[in-house]
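Enquirer: sequence and predicted structure below; questions after.
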Amino acid sequence: MDATLTASHILPADGAAGTLVGRVWRPDIDGPSVVVVRKDGSVEDVTRAAPTVAGLMNEPDPVALLRGAAGERLGTVDEILANSAAATAPHGARDHGRPWFLAPIDLQAVKAAGVTFASSLLERVVEEQARGEASRAQEVRQALVAEIGTDLSAVKPGSEDAARLKTALERRGLWSQYLEVGIGPDAEIFTKCQPMASVGVGAEIGLHPGSTWNNPEPEIVLVVDSRGRIQGAALGNDVNLRDVEGRSALLLGRAKDNTGSSAIGPFVRLFDETFDIEDVRQAEVDLRVDGPDQFVLTGRSSMRMISRDPADLVAQAIGATNQYPDGLVLYLGTMFAPTEDRDAPGEGFTHKQGDIVTISTPRLGALINRVGTSDRIPRWEFGAMALMRNLARRGLLPSAS
């Protein structure tokens, strides 16, 4: 990991002024703890007040609970962050006697909304038409632009205009499953990974070793309780394999769910007097990829350009027909689909091992990770059962009444 992984780079622009919730691995108890970042930059373990992040989000007032919680100081953000990144530094090694940051969620379902921006909608159709072959992408892209244009942003999903466009495209043989969820009435909501599988700031993210065409997806992730209330937000990387998904939409699980393919962090910022859903709606999410080959890729997703309102996406994910007793987190999608050539002309962007991916926005800070392959990065071995056993040993599970 590079030298920019410091508190000044990963914290929001207003520092710890908001309510920042995270998780830390504590070697001394061989398990994770829920933490809050105090205004002085110290990280406090509040697990005795909130044993799980999922449980915290289901409290009537999570912010009030945290502000009144007496915590155990674990160190500063900088101290824990340095150890979080050490294992992925070119010549570093994590000190397994000191704490490090994890993804700031635990038992919640990890869901994602796809094709929520018109600009990336076209690229999903390109993947499908190219059958996952990067070498055909430019040819397909030019043909589609000539036929339907690129300005789909004016089409409201589920509207009469969208229905007329669908009819016109069907007549030309151009309708696509991606256009269906992009401008049709129903959003695409899929399972990104299992609870507890996401990685946090400083960790390695994973690409399937068989993929040759892939990319980061910089997104905002909403944190939702079991009643459908949006409690806060974080940054996320919905790592994607374009070649796999392009071959068949039925391979979405293979394309999206691999070890280390879901990164969330650095913290969940709860909605309070400093931050709310309007900040999410107005956010500008920046992406930067720094490659070991000196290649640099930059991009930006403006949440103002999203086709479906974040609250509507949450309503389509949880409600009368679909419940999540432990709550859920929801990736909101991205407008960023990189087309800049990295290697061969016309083949666009794909990752290389060792890429440093930085996803940032002023109100949520920065999520920074190094790219590896899913078969070589640390295995996911601590799941829900391990968490319950660990909390029970620590006397943190409520007794049955």
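Expert: Received the coordinates, thanks.
Enquirer: in this structure Ile80 contacts Asp95, no?
Expert: No. Ile80 is not in contact with Asp95 according to CB atoms under 8 Å; the separation is 10.9 Å. The way it works is simple: take the backbone N, C-alpha and C, and place the C-beta from them, glycine included.
Enquirer: of those two, which one has the most company?
Expert: Neighbours were counted for Ile80 and for Asp95 using other CB atoms under 10 Å; Ile80 has more, 23 against 13.
Enquirer: assign the more buried one to helix, strand or coil.
Expert: Secondary structure, DSSP: H, G, I helix; E, B strand; the rest coil: Ile80 is helix.
Enquirer: check Pro32 too.
Expert: Recorded secondary structure, Pro32: strand (three-state DSSP).
Enquirer: what's the distance between it and Glu245?
Expert: The gap separating Pro32 from Glu245 is 32 Å, by CB to CB, to the nearest Å.
Enquirer: by mean pLDDT, flag the weakest helix or strand of the protein.
Expert: Using mean pLDDT, DSSP states H and E, helix 118-129 stands out as the lowest-scoring helix or strand of the chain, at a mean of 64.
Enquirer: quick one, phi/psi of the residue nearest to Ala162 when sequence neighbours are not counted?
Expert: Excluding the flanking residues, the one nearest Ala162 by CB to CB, 6 or more residues apart in numbering is Ile183, at 4.2 Å. Main-chain dihedrals, Ile183, degrees, to the nearest 10: phi -130, psi 0.
Enquirer: what's the burial count for Ile183?
Expert: Ile183 has 23 neighbouring residues, counting by other CB under 10 Å.
Enquirer: is it true that it touches Glu160?
Expert: No. Taking CB under 8 Å as the definition, Ile183 is not a contact partner of Glu160, at 11.5 Å.
Enquirer: which residues in the stretch 1-150 of the chain form strands?
Expert: Using DSSP state E, counting those that start in this stretch, the strands of the stretch 1-150 of the chain run over 20-26, 31-37, 42-45, 72-76, 100-102, 109-114.
Enquirer: could you list the domains of this structure?
Expert: Domain assignment for the chain by automatic domain parsing gives 7-114+187-393, 118-183.
Enquirer: how about the secondary structure of Arg227?
Expert: Once three-state DSSP is applied, Arg227 turns out coil.
Enquirer: how much space separates it from Gly327?
Expert: With CB to CB as the criterion, Arg227 and Gly327 are 9 Å apart.
Enquirer: any idea how far Phe382 is from Glu72?
Expert: For Glu72, the distance to Phe382 - CB to CB - is 21 Å.
Enquirer: more neighbours: which of these two?
Expert: Phe382 (16 against 13).
Enquirer: SS state for that one?
Expert: Strictly by three-state DSSP, Phe382 counts as coil.
Enquirer: next one: it from Ala197, what distance?
Expert: Phe382 is 10 Å from Ala197, where distance means CB to CB.
Enquirer: Ser33 bridge partners, please.
Expert: Taking DSSP bridges as the rule, Ser33 bridges to Val24.
Enquirer: would you agree it is in contact with Arg26?
Expert: Yes. The pair Ser33 / Arg26 is scored as a contact, 5.3 Å apart, by CB under 8 Å.
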